[in-house]
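> Sequence below, structure please.
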Amino acid sequence: MAKSMALILVVIAVAVMLVPAVESTDKLDPYAVGGFILGRHIAENPQASIVSMLKSAAKCRVNIDRCISETNDYIRKALDGVVAAALPAKKKETEEATLVQTNIAADHLVSAKATGDVDKVATVSITYRMAADAVLEASPDEKFLAMKVTFKLAADPIA
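Next up, the predicted model:
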C-alpha cells in the first residue's frame, strides 16, 4: 500500500511539473503524457481516487481471487470504451491493442498472486484500476492515447 501511495505522489508531482510542457508541445514522452493524464485524473477526483484505492486494497486482503476478477472486469470495461470510441478505420487495430493490454494486465495480476504477497496484488490491482479510471474519464478522442500511456505506466514494475 505504501508503494501505491508513493506512486500516486510521484504521478501528481509529475503532472504538476508537466502542465506547461503539455501546453507547448505534442511530441511528449509517453511517460510524461501518462503522468499528466493520471495526475489530472487524481487532481480532479482526489477523494474518489483515494476511496477507490482503499476499497481495492481491502478487497484484496479479504479475497485475492475476487480482487483479481473485479480488477480484470474493470479493465475490460475501460478498454471496451476505447474500442467503442475508435474510428471505423482503426477499429481492428484498436481491438488488437486493447487485447494486448488486457492480457498484460491479467498476467501481472496472476504473477502478483503467485508471489503470495497480498500487498503486491493490491498494488498491482490499484495501479491498473487507476489506469482504467483515466481511460474511462478520457474524452472519446483521448481514450486510445490514455490507454496506451497509462497502461504502459501500470505495466512497469513499481520500485
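> continuing past the longest helix seen in the chain, what's the next helix or strand?
Secondary structure of the chain per DSSP state H: the longest helix is helix 91-115. Remark: after helix 91-115, the chain's next helix or strand is helix 118-137, criterion DSSP states H and E.
> Which secondary structure elements does that following helix sit against?
Helices and strands touching helix 118-137, by 3 or more CB pairs under 8 Å, 6 or more residues apart in numbering; DSSP states H and E, are helix 2-24, helix 30-44, helix 46-62, helix 64-85, helix 91-115, helix 143-155. C-beta here means a position set from N, CA and C on the backbone, and glycine is covered the same way.
> Could you identify which of those has the lowest mean pLDDT?
Note on the helices and strands packed on helix 118-137: lowest mean pLDDT is at helix 2-24, with a mean of 46.
> So for the longest helix of the chain, what gets flagged as buried?
Applying a neighbour-count criterion of 16 or more other CB atoms under 10 Å, one finds 94, 97, 98, 101, 102, 104, 105, 106, 108, 109, 112, 113 buried in helix 91-115.
> now the angle from that helix to helix 118-137?
160 degrees (axes from the mean of the first three to the mean of the last three CA atoms, to 10 degrees).
> Can you get me a residue count around the closest residue to residue 136 other than its chain neighbours?
If the residues on either side of it in the chain are set aside, residue 136 comes closest to residue 78, at 4.9 Å by CB to CB, 6 or more residues apart in numbering. Here the number of neighbours of residue 78 (other CB atoms under 10 Å) works out to 26.
> Right, I'll leave it there.
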